[in-house]
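Colleague: Sequence below, structure please.
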Amino acid sequence: MINYDEGDKMSQTNAFYAQSGGVTAVINASACGVIETARRYPAEIGTVYAGRNGILGALHEDLIDTGEETAEAIRALRHTPAGAFGSARYKLKGLEENRAEYQRLIEVFRAHQIGYFFYNGGGDSQDTAHKVSQMGAAMDYPLICIGIPKTVDNDLPLTDCCPGFGSAAKYLATSLREAALDVASMAKTSTKVFIMEVMGRHAGWLTAACGLAGDGPGEAPHLLLFPELPFVAEDFLKRVQETVETRGYCVIAVSEGIKTPDGKFLAESGLRDAFGHAQLGGVAPHLAQLVRDRLGYKYHWAVADYLQRAARHLASRTDVRQAYAVGQAAVKLALRGRNAVMPTIQRLSDEPYRWRVSSVSLAAVANQERALPRHFITADGYGITAEARRYLEPLIAGEDYPPYHKGVPAYVRLQLISVARKLPAFTG
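Modeller: Predicted coordinates:
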C-alpha cells in the first residue's frame, strides 16, 4: 500500500491517463495538455502512465510509460488525431453489481503508486471516473479522479461546448458546402437530391453545425433533420419536392438518430453496442430510397462516419486550444486536491469570442445528455436560428494545420513502451 503523510498526501506519486469511447481529431491535444503539464511538476507527479486501449489498460495492467516518449513526440500529439494510446467502448457497471472491476482498478493503481486518475471521455466515462473516486474512498486509498471532457456529439451538460465538437463541426460544414456546389453544378441533368448523414444519436449539434455551410437565403443545406424532433415522412417529402421545384436541387443533412413520431429510430438495426445503445443502420440510404420511390428524383447520399471525427487536417483552432486547456486544467485541479470534478469551458462573450476553463462535479455530468435547444431550431423544424449561429460560429473559427510531409499530414506514432506487470492476470 502507498503511504502518504497527512500534510502531503499526493506527493511523489504517479498518474494514470486513459482515453475512452469514440476518439476525435483533438483528444490527443488533451493528452498533450495532461502530460506536458504533469512534466512541469516533477516533485508532485512522478510518471504519467497511459492505459493501452483505455480503461482496459488499467483492468489488465497494460500500462504505457509516457516518460519514455520525447518532449517532441508528446508535443506532436497536439496535431495528431485519433487516440494515441488506444481507446475502448467499455462501460463499467454499477459499484454494487460489478464491484470486482472497480476493486481491480484500485489494486492496479496501488501496485503502481498511482494517485491521480485522468479519464478522457463523454458522459459514460465521467460516470466511471465518479464511481472510481467512490471506490477509492471505500477502500481507503488516496486517489484523485478527474474527468476530461471529450465528444464530437457536444452533449455533455454544464460545459459551453465539448472538445472534439468544433473540429467535427468545421469539417461537416466545409464538406457540405463543397458537396452542395457540386450538386448545384450538375442538378440540371443529374442529381437532384443529396443527403449527408452525420453523427448524433440523441443530440443534433452536428446536424446544426451543417447549417453553417450556407449563410444566405436559399443556400444549401436546405433541410436539416434533427433527432430532437420527430421525423414525419409526408412533410419531409413535401419539403423536398418544393425545394427541388424552387431551387432546382435539394441538399439535406440528417442525424443518424432521427426517430419516427412513435419514438423508434428510423434506421435502427436491432443490434446493441458495448454501451447498450441501439446500433443504427444508416439513415441516409433509407431517406434516399424514400425520395426515389415517392418522388422519382435521382439522388446521392454520403455517410461522414469516422471522417467527421478524424479530420485533423481541418481542425478548428478554437477546438484545439480548448482540448489542450482542459487537459492542462485537469492536472492543476488534481494538484489542488479537487477530486471527482471535470474541467469545463465557460463562454464569457460571443463577439469577441472569449472563454475560460471552470469545473463541475462529476456527479452533475455523469450519464447526462444535453440536447440541442429548441430555440436553436427554426420554427418549421428544418433549419437553425440566428442564435444557433452565434453559438456555433466561434467554435469552428480559426485554422490549426498539422505539418505536412510529401503532401500528407505528418502525424506522430508513439513508442508505447509497456510497464512490467506486478499483479496476476485479471479474470473478472
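Colleague: What score does Arg89 have for pLDDT?
Modeller: You'll see Arg89 listed with a pLDDT of 88.
Colleague: Does it touch Gly21 like I think?
Modeller: Yes - counting by CB atoms under 8 Å, Arg89 does reach Gly21; the two are 5.8 Å apart. For every residue, glycine as well, the C-beta is placed using N, CA and C.
Colleague: more neighbours, these two?
Modeller: Between Arg89 and Gly21, Gly21 has the larger neighbour count (other CB atoms under 10 Å), namely 24 against 14.
Colleague: Quick one: the helices in the stretch 101-250 of the chain, in order.
Modeller: Assigned by DSSP state H, counting those that start in this stretch, the helices in the stretch 101-250 of the chain fall at 123-138, 165-186, 205-210, 233-247.
Colleague: Pick the most buried one from those.
Modeller: helix 205-210 (a mean of 29; mean count of other CB atoms under 10 Å).
Colleague: so how far is that one from its chain's centroid?
Modeller: Distance of helix 205-210 from its chain centroid, counting by CA atoms, centre = their mean, to the nearest Å, is 14 Å.
Colleague: just for the chain, where's the confidence low?
Modeller: In the predicted model, the chain carries pLDDT under 70 at residues 1-12, 269-281.
Colleague: So which residue of it lies furthest out from the middle?
Modeller: Thr189 (39.6 Å; CA atoms, centre = their mean).
Colleague: And that one, its phi and psi?
Modeller: Per-residue torsions, Thr189: phi -120, psi 0 (degrees, to the nearest 10).
Colleague: Start at 73, not 1
Modeller: Taking 73 as the first residue, the last one we looked at is Thr261.
Colleague: in the stretch 73-222 of the chain, which spans are strands?
Modeller: 85-91, 117-123, 135-137, 186-193, 216-221 (DSSP state E, counting those that start in this stretch).
Colleague: Present those as TSV; the columns should include mean neighbour count and distance to Val255.
Modeller: Formatted as TSV, the strands of the stretch 73-222 of the chain follow (neighbours: other CB atoms under 10 Å; distance: least, CB to CB, whole Å):
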stretch	mean neighbour count	distance to Val255
strand 85-91	26	37
strand 117-123	24	44
strand 135-137	23	46
strand 186-193	27	36
strand 216-221	29	36
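Colleague: His358: which of these is closest?
Modeller: strand 186-193 (29.8 Å; CB to CB).
Colleague: Given that closest one, what are its sheet partners and their directions?
Modeller: strand 85-91 (parallel), strand 216-221 (parallel) (DSSP bridges).
Colleague: Tell me which of the ones you listed approaches Leu301 most closely.
Modeller: Comparing the strands paired with strand 186-193 under CB to CB, the one sitting nearest is strand 216-221, at 26.1 Å.
Colleague: residues in contact with the closest residue to Glu108 other than its chain neighbours?
Modeller: Of all residues not flanking Glu108 in the chain, Ile146 sits nearest, at 6.1 Å (CB to CB, 6 or more residues apart in numbering). Neighbouring residues of Ile146 by CB atoms under 8 Å, 6 or more residues apart in numbering: Cys104, Ile107, Glu108, Arg111, Thr138.
Colleague: Out of the residues you listed, flag the one nearest to Gly194.
Modeller: Set against Gly194, the nearest of these by CB to CB is Cys104 (19.4 Å).
Colleague: how many neighbours does that closest one have?
Modeller: Cys104: 25 surrounding residues under other CB under 10 Å.
Colleague: Could you verify my assumption that it touches Arg393?
Modeller: No - in this structure Cys104 lies outside contact range of Arg393 using CB under 8 Å: 11.6 Å.
Colleague: For Ala172, find the nearest of the helices of the stretch 173-322 of the chain.
Modeller: Per CB to CB, nearest to Ala172 of the helices of the stretch 173-322 of the chain: helix 195-210, 10.8 Å.
Colleague: before we move on, back to that, quick one: the helices of the stretch 173-322 of the chain as a markdown table, columns for distance to Ala374 too.
Modeller: Listed next are the helices of the stretch 173-322 of the chain as a markdown table, based on distance: least, CB to CB, whole Å:
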| stretch | distance to Ala374 |
| --- | --- |
| helix 195-210 | 28 |
| helix 237-258 | 7 |
| helix 277-282 | 12 |
| helix 305-319 | 17 |
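Colleague: for these, which one sits closest to Arg428?
Modeller: Nearest of those (CB to CB): helix 237-258, 16.2 Å.
Colleague: For the closest one, name the packing helices and strands.
Modeller: Contact partners of helix 237-258 among helices and strands, from 3 or more CB pairs under 8 Å, 6 or more residues apart in numbering; DSSP states H and E: strand 265-270, helix 277-282, strand 322-327, helix 377-382, helix 389-407.
Colleague: Serialize the ones you listed to JSON lines and add fields for distance to Gly236.
Modeller: Converted to JSON lines, the helices and strands packed on helix 237-258 look like this (distance: least, CB to CB, whole Å):
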{"stretch": "strand 265-270", "distance to Gly236": "14"}
{"stretch": "helix 277-282", "distance to Gly236": "11"}
{"stretch": "strand 322-327", "distance to Gly236": "17"}
{"stretch": "helix 377-382", "distance to Gly236": "7"}
{"stretch": "helix 389-407", "distance to Gly236": "7"}
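Colleague: And these: which comes nearest Gln175?
Modeller: helix 389-407 (22.2 Å).
Colleague: Now the closest one - C-alpha only, PDB.
Modeller: Provided in PDB are the C-alpha atoms of helix 389-407 (Å, rounded to 0.1, in the frame of the first residue of the first chain):
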ATOM      1  CA  ARG A 389      -8.100  26.400 -33.800                       C
ATOM      2  CA  THR A 390     -10.600  27.100 -31.100                       C
ATOM      3  CA  ASP A 391     -11.200  23.400 -30.500                       C
ATOM      4  CA  VAL A 392      -7.500  22.500 -30.400                       C
ATOM      5  CA  ARG A 393      -6.800  25.200 -27.800                       C
ATOM      6  CA  GLN A 394      -9.800  24.200 -25.700                       C
ATOM      7  CA  ALA A 395      -8.800  20.500 -25.900                       C
ATOM      8  CA  TYR A 396      -5.300  21.300 -24.700                       C
ATOM      9  CA  ALA A 397      -6.600  23.600 -22.000                       C
ATOM     10  CA  VAL A 398      -8.900  21.100 -20.300                       C
ATOM     11  CA  GLY A 399      -6.000  18.600 -20.200                       C
ATOM     12  CA  GLN A 400      -3.800  21.200 -18.600                       C
ATOM     13  CA  ALA A 401      -6.600  22.200 -16.200                       C
ATOM     14  CA  ALA A 402      -7.200  18.600 -15.200                       C
ATOM     15  CA  VAL A 403      -3.600  18.300 -13.800                       C
ATOM     16  CA  LYS A 404      -3.800  21.600 -12.000                       C
ATOM     17  CA  LEU A 405      -7.200  20.700 -10.400                       C
ATOM     18  CA  ALA A 406      -5.700  17.400  -9.300                       C
ATOM     19  CA  LEU A 407      -2.700  19.100  -7.700                       C
END
